[in-house]
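Q: Sequence first, predicted model second:
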Amino acid sequence: MRNDLAAGVHPRRLFVFNGGFLRGPVRRILDLAGWSPRIGLPGPGDSVAVWGAAGTAWRGRKIAASRNAGLVHVEDAFLRSVLPGRERSTSMRRGPLGLIVDPVGIHFDPDAPSLIETMITADHSALHAQARDAIARMIAADISKYNAHLPDARAPAPGYVLVVDQVAGDASLLGAGRDAFLAMLAAARAENPASRIVIRAHPETSRGLRAGHFTAADLRKDEEISDGPLSPWRLLAGAKAVYTFSSQLGYEAMLAAHRPRIFGAPFFAGWGLSDDEREFARRSPRPIEALFAASHLLAPIWYDPCTDRLTDFDGALNQLEAEAKVWRQDHAGHVAYGMRLWKRPHIARGFGSVRPVRFTRKPSPQVSLVWANKAKDIPGTAALRIEDGFLRSRGLGAELVPPLSLVADDLGIYYDPTRPSRLEHLIDTVPPAGGAVRAAQLRAALIAARVTKYNLGGQVMLPPCDGRKRILVPGQVEDDASIRLGAGRERTNLGLLERVRADNPDAFLIFKPHPDVEAGLRPGQIESAQLSRLADHIAANSDPVALLSEVDEVWTMTSTLGFEALLRHIPVTTLGAPFYAGYGLTRDLGPIPERRTARPGLDALAHAVLIAYPRYLDPVSGLPCPPETALLRLSSADRRWQGPGLRLLAKAQGALAGHDWIWRR
C-alpha cells in the first residue's frame, strides 16, 4: 500500500482551513500526489486536511464530522532539512522534503490506528532487505530529521545514559509536560545509579526557537545537557541506555540497535523493540525492518525540490545528504582568495547558502576558501582547496561556463599526487551501504546520457577500421597543474605521442587535442608536421563520448578522459599519476605514490569521485543537489540556466586572449 495516489487518477478534493496548505511546497507535494487542496465546504466523499494536532486542527475536525467528510492528517516526514523549519536565518531554507498524508489516523495518537501502524502490521517482508540497507546508509551518511551537526563536535565520554528532551507543548506529548519529563529523568537515575546522565536538547531548543523541559538547575553533579551540533548517531553510539518520551531520537536509537525506555506513546513503541511504560493492545512484536519500511519507505510522500517531482526514500536521502554536506562545510562562512572575477558570483552562490562569502585579494590565515592552484599563498593548511568537479558543465571553464560541481578538499587536491587528498581518503574507504550500487546506477545513467566533464559535442569522422588496435591519446594543457605535479617523464603532448608511438608502433593512434588548446586559450599545440608523423588521425573538435566508443585503449599522462574511459570499461594506460591511477584499475607506467594501495573496484572508485567528493549546485532551484540531478541538467537540451551573459563574455575573452590579466584577475 502506498500513501500517494496512482498516476492518472482524478485528483481527490481536499478541503483545508489552514493557509499553509495552499502555498509553497506543501501545496505542490499534495498536488503531485493526487490531492487537490481548496477552500470551501466539503461534501460526502470529500476529505478535510488538518496539520497534525496543530492549534487550528479543531476546525477541520469539526467540519469533517459535521459534513460527513473524511479526515486526513498531514505531517512532515521523518527526514526534513538541515535546520528546523522554524529557522529563518539561511537561504537554504525550503519546505518539507516529504509529507505523511494519513487518512487513517495520526501516528503519535495510540487511541486509534494510523497509516504507519497499519503498514507495520501488514506483511511487507519483501522490503526488509531494502530497509536494512537504507538504515545503514542513513547512519553512514549521518542524516536525521534535522542535520545541523558537525563531524568534529565534542561528544561526551562513552558510557552515559541518554535522556531525550523535547519541545514543550509538542503534539506527540499528548498533553504531557515538565512533570512527566522530570519523572523520566528520575527513573533514569534510579535504574542506573552509578551512571552519568546526558540530556539531549531538541534542535529547536538548542537554537533558541522553542523551550524544552529541562534546565541546568535540574542537573546533578557530573550530568550535562548536550545542546551542541553533535550528530544524533554519534550521541547514540556512546550511550549505554536511552530514555525517551516520544522523540524521533528514541526511534533512531532503535535503528542503532538500542532498546530504549519509552514513557510516551509514539508509533514505534509496543512492537517488542523497547521497554514501554504503557501497554499497546493492538501491537505485537515486529522486526525493526517492518517499522522502517512503514515509516520511511511506504508512508511518506517524498519530494525532490530540485526537479519538482515526487521521488522515493533514496531520492530524498540523496538530496538531504547533498544539503548537509554543503552546510557542514559552509556553516561558519568563508573568506575566499584566489578566485578570478568571473568565478566569484558562482563561488558566492555555491558557498554562500549559509553566510555570504567574503572575497579578498590578500592571503591571510583567515582565508577558508582558496582556488587550489593558489593554496601555496595561504599560511597553514586549514583552507578548503577549490577546483572544478568531474561533471562540470556544457562548455569549457576557460570559456567562462559556470560549473555545476566543485570539489572542496581539506587535505590537498585530487590532481596533486605529491600529497594526500580527501579524494584519496575516500577511495581508501569502503563505500557506505548501497554506495557501490548507487554509483553503478549513476555510471550507467551517465553512459546512457552520453555525458562527460565538459559535454562539448562535436563530430567524429574516423576512417574505417583496418584491423589495427585503436588507441586514443588525449592531449592536455601543458601548463596545467596536473601536469606540473603529476606527470612522469612525458610532460608535453609531443612527448606523450612519441612515447605512445614508440610503445605501439603498429597501432592506429588517434590524437584528440584538448578543447582549451583547440580554442587557443591554453598552451599545448603540436606542429602539424610532428602530428602527421606520429598520429594516424587528428580528432579535432570531436565528441569524446563518440571517440571512446570507437577505440580499444586510452593512453594518457593525467587526463580526466582516462577516468571517462574507465567508467566505460575501456583499458587505460597512464604515464603520470592521475587521481584514478594506482588502484589496480589502470596499467600504470608512471610514478605512482606508494600510499595508493587500496583496490576499490570500479563502482567504489566512481562513488568516491562522483558522489562522495564533489558538491553539486542545481542551477535551476539554486539548491545543493546530488549528482543525479546534475546529470539530469547536463543531459537536458534546455540550456537557459547557463545564461547568455557569460557566453558573450567568453567571446570577448577569446578576442583578448593576449591580455589575459583582464579575465584571469
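A: Cool, the structure landed. Numbers count the residues shown, from 1 in each chain.
Q: show me what contacts the closest residue to Pro110 other than its chain neighbours?
A: Distances taken as Cβ to Cβ, 6 or more residues apart in numbering place Ala265 nearest to Pro110, at 4.2 Å, with adjacent residues excluded. Where C-beta positions appear, they are placed from N, C-alpha and C, glycine not excepted. Listed by Cβ atoms under 8 Å, 6 or more residues apart in numbering, the contact set of Ala265 reads Phe108, Asp109, Pro110, Leu174, Ser246, Arg278, Phe280.
Q: Helix or strand: which one has the fifth one?
A: If you go by DSSP states H and E, Ser246 is not part of any helix or strand.
Q: nearest spatial neighbour of it, skipping sequence neighbours?
A: Spatial nearest neighbour of Ser246, excluding adjacent residues (Cβ to Cβ, 6+ apart): Gly264 at 3.6 Å.
Q: Check the gap between the one you found and Ala190 for me.
A: Distance of Gly264 to Ala190, computed by Cβ to Cβ, to the nearest Å: 19 Å.
Q: Just confirm Gln166 contacts His202, I think it does.
A: Yes - using Cβ atoms under 8 Å, Gln166 is in contact with His202, at 5.5 Å.
Q: shared neighbours, these two?
A: Taking Cβ under 8 Å, 6+ apart as the criterion, Gln166 and His202 both touch Gly212, Ser247.
Q: Of those two, which one has the most company?
A: Using other Cβ atoms under 10 Å, the more surrounded residue of Gln166 and His202 is Gln166, with 27 against 24.
Q: gap between that one and Ser549?
A: For Gln166, the distance to Ser549 equals 58 Å [Cβ to Cβ].
Q: Can you list the residue ranges for helices in the stretch 351-500 of the chain?
A: Ranges of helices in the stretch 351-500 of the chain, per DSSP state H, counting those that start in this stretch, are 422-428, 435-449, 481-486, 493-503.
Q: buried ones in the shortest one?
A: Along helix 481-486, the positions that meet the burial threshold by neighbour count (16 or more other Cβ atoms under 10 Å) are Ser482, Ile483, Leu485, Gly486.
Q: neighbours around the residue nearest to Ser246, how many?
A: Neighbours around Gly264, by other Cβ under 10 Å: 23.
Q: Is Pro624 bridged to anything, and to what?
A: Following DSSP bridges, Pro624 is listed with bridge partners Leu617.
Q: ranges for the helices of the stretch 201-350 of the chain?
A: Assigned by DSSP H, counting those that start in this stretch, the helices in the stretch 201-350 of the chain fall at 203-206, 232-237, 248-255, 288-292, 313-330, 344-351.
Q: mind checking how far the third one is from the chain centre?
A: It refers to helix 248-255. 22 Å (Cα atoms, centre = their mean, to the nearest Å).
Q: other SSEs contacting that helix?
A: Here helix 248-255 touches helix 128-140, strand 160-164, helix 232-237, strand 239-244, helix 288-292, going by 3 or more Cβ pairs under 8 Å, 6 or more residues apart in numbering; DSSP states H and E.
Q: Put together a markdown table for these, with mean pLDDT on each row.
A: Output for these, formatted as a markdown table (pLDDT from 0 to 100):
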| stretch | mean pLDDT |
| --- | --- |
| helix 128-140 | 95 |
| strand 160-164 | 98 |
| helix 232-237 | 97 |
| strand 239-244 | 98 |
| helix 288-292 | 98 |
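Q: So which of the ones you listed is the most surrounded?
A: Counting by mean count of other Cβ atoms under 10 Å, strand 160-164 has the highest mean neighbour count of the helices and strands packed on helix 248-255, with a mean of 25.
Q: per-residue confidence averaged over the following helix or strand past that strand?
A: Using DSSP H and E, the helix or strand that follows strand 160-164 in sequence is helix 178-191. Helix 178-191 shows a mean pLDDT of 98.
Q: likewise stretch 404-418?
A: 96.
Q: quick one, domains of the protein?
A: Domain ranges of the chain: 12-121, 125-304, 321-429+640-654, 435-635, per the TED database.
Q: possible to save those as CSV with distance to Asp312?
A: Converted to CSV, those look like this (distance: least, Cβ to Cβ, whole Å):
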stretch, distance to Asp312
domain 12-121, 10
domain 125-304, 6
domain 321-429+640-654, 14
domain 435-635, 12
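Q: worst average pLDDT in those?
A: Of all the domains of the chain, domain 321-429+640-654 carries the lowest average pLDDT, namely a mean of 84.
Q: Give me the distance from it to the chain's centre.
A: 17 Å.
Q: One more: stretch 200-211?
A: Centre-to-centre, stretch 200-211 and its host chain are 25 Å apart (Cα atoms, centre = their mean).
Q: From Tyr160, how far out is the nearest residue to Gly212 once chain neighbours are set aside?
A: Distance criterion Cβ to Cβ, 6+ apart; nearest residue to Gly212, sequence neighbours excluded, is Thr205 at 3.9 Å. Distance, Thr205 to Tyr160, by Cβ to Cβ: 19 Å.
Q: What's the separation between the residue nearest to Gly584 when sequence neighbours are not counted and Ile427?
A: Nearest residue to Gly584 in three dimensions, chain neighbours excluded: Arg599, at 4.6 Å (Cβ to Cβ, 6+ apart). Here Arg599 is placed at a distance of 10 Å from Ile427 (Cβ to Cβ).
Q: what about these two, which has more around it?
A: Set Arg599 next to Ile427 and count neighbours by other Cβ under 10 Å: Ile427 wins out with 25 against 11.
Q: need the contact list for the residue nearest to that one when sequence neighbours are not counted.
A: Distance criterion Cβ to Cβ, 6+ apart; nearest residue to Ile427, sequence neighbours excluded, is Ala608 at 4.6 Å. Applying Cβ under 8 Å, 6+ apart to Ala608 gives the contacts Leu423, Leu426, Ile427, Thr429, Pro431, Pro600.
Q: at 7 Å instead, please
A: Residues near Ala608 by Cβ atoms under 7 Å, 6 or more residues apart in numbering: Leu423, Leu426, Ile427.
Q: could the residues you listed be laid out in a markdown table, adding distance to Gly350?
A: Putting those into a markdown table (distance: Cβ to Cβ, whole Å) gives the following:
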| residue | distance to Gly350 |
| --- | --- |
| Leu423 | 19 |
| Leu426 | 20 |
| Ile427 | 24 |
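Q: Phi first, then psi, for the residue located most distally from the centre of the chain.
A: Most distant residue from the mean C-alpha position of the chain: Ala529, 48.9 Å away (Cα atoms, centre = their mean). Dihedral pair for Ala529: phi -60, psi -40, per degrees, to the nearest 10.
Q: hmm, back to that, give me the buried entries from the contacts of Ala265.
A: Using 16+ other Cβ under 10 Å, the buried ones in the contacts of Ala265 are Phe108, Asp109, Pro110, Leu174, Ser246.
Q: and of those residues, the nearest to Leu182?
A: Proximity of the buried ones among the contacts of Ala265 to Leu182 was ranked by Cβ to Cβ; the top entry is Ser246 with 16.0 Å.
Q: residues contacting the closest one?
A: Applying Cβ under 7 Å, 6+ apart, the residues contacting Ser246 are Phe108, Ser172, Leu173, Gly264, Ala265, Pro266.
Q: what about the nearest residue to Pro365 once chain neighbours are set aside, neighbour count?
A: Once flanking residues are discounted, Pro365 sits nearest to Pro379: 5.2 Å by Cβ to Cβ, 6+ apart. Neighbour count for Pro379, taken as other Cβ under 10 Å: 11.
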